[in-house]
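Undergrad: Here is my input; please provide its structure:
(one chain, ligands or ions: 1)
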Amino acid sequence: MEALATAPAPSRPGLPPPTRRSHLRRPKALATSKLPRRVIAALHMDGARAAPLRCTPAETDAVATASDQTETAAAAVEATEQGNNGAPAADAPAASIEGLDGIKIRRRPVTGPSVHHVGPFQFRLENEGNTPRNILEKIVWNKDVEIWQMKEKMPLYRLKGPLDNAPPARDFVAALKASYDRTALPALIAEVKKASPSRGVLRENFDPVEIAQAYEKNGAACLSVLTDSKFFQGKF
Ligand SMILES: O=C(O)c1ccccc1NCC(=O)[C@H](O)[C@H](O)COP(=O)(O)O
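TA: You can find the predicted model right below:
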């Protein structure tokens with residue numbers, strides 16, 4: 001996500017500790033029940049409570065990283081979708097994170113096919129641990145594989161040089177605060193999204209720059225730009 005207008009960004013070490021009395025809080029008169037859930041989330045963005053759906057380092061480490069396993073995992077995601085035949089998955093440690101709405105997203109490494117067949121009649125048994133239970137798991141598992149593949153192509157140490165020369169990151173929270181200070185209204189995070197899994201293509205002639213500029217012109221404080229290609233038809 002990207003901040004549109006920002007105050008000068010304080011460097012990380014100088015950032016004040018998160019407080020429970022952020023001035024992003026809505027004025028009392030605003031009924032949050034009338035606001036969309038995502039706008040409410042932005043209003044409450046004060047430190048730890050704003051934690052999005054992220055895994056802990058331990059959970060990330062539970063995911064196999066060897067390059068040959070990347071291939072297996074990529075194939076397994078496909079197999080999961082296609083209900084492929086195959087051997088049972090290796091039993092790897094499972095972890096999960098709780099989504100904002102209480103939906104469990106298991107950070108289960110995808111190491112094998114989603115089904116296998118047993119006995120003389122070849123009964124089809126689902127490898128439960130290798131089958132995404134909901135669309136969020138499917139997205140997260142697929143993203144894990146994509147990230148392994150991207151890291152293989154471009155290891156993090158090779159990004160260091162270009163990152164050192166990149167313009168400084170813009171301060172997302174400062175942009176929200178500045179908007180609130182300016183307008184006394186909830187700051188808006190506007191979403192640039194071509195498609196979604198539930199709604200399909202939202203905009204055929206999708207021009208993200210044009211859309212972003214229209215959002216800015218009409219008062220959005222920040223942008224959320226969907227870059228995932230598989231599920232949201234985005235790109236960098
Ligand atoms: O819309 C869907 O079908 C959908 C399915 C699965 C996960 C999310 C879905 N929609 C929500 C969005 O598209 C969010 O707006 C998107 O994840 C961006 O979120 P954020 O990074 O917090 O801006």
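Undergrad: check contacts around residue 135.
TA: 197, 198, 231 (CB atoms under 8 Å, 6 or more residues apart in numbering). Placement of C-beta: from N, CA and C, glycine included.
Undergrad: so where's the chain uncertain?
TA: 1-3, 5-101, 108-112 (pLDDT under 70).
Undergrad: 80 instead, please
TA: Residue ranges of the chain with pLDDT under 80: 1-104, 107-115, 126-130.
Undergrad: tell me which parts of it are close to the ligand?
TA: 1, 135, 136, 139, 191, 193, 196, 197, 198, 224, 226 (CB under 6 Å from any ligand atom).
Undergrad: Among those, which one has the most neighbours?
TA: With neighbours defined as other CB atoms under 10 Å, the most crowded of those is residue 193; it has 20 neighbours.
Undergrad: Leaving out the residues flanking it, which one is nearest to that one?
TA: In space, and not counting its chain neighbours, residue 193 is closest to residue 226: 4.3 Å by CB to CB, 6 or more residues apart in numbering.
Undergrad: Touching, the one you found and residue 197? I think so.
TA: No - counting by CB atoms under 8 Å, residue 226 stays clear of residue 197, with 11.1 Å between them.
Undergrad: who touches both of the two?
TA: residue 232.
Undergrad: Do you have the helices of this protein handy? List them.
TA: Ranges of helices in the chain, per DSSP state H, are 37-43, 57-61, 67-82, 135-153, 156-164, 172-183, 208-217.
Undergrad: and residue 142, how many neighbours?
TA: 21.
Undergrad: Correct me if wrong: it contacts residue 230.
TA: Yes - between residue 142 and residue 230 there is a contact at 5.9 Å, judged by CB under 8 Å.
Undergrad: care to break the chain down by domain?
TA: Here the domain parsing of the chain from the TED database is 101-166, 169-235.
Undergrad: can you give me the end-to-end distance of the longest one?
TA: Across domain 169-235, the straight-line distance between its terminal residues is 19 Å, by CA to CA, to the nearest Å.
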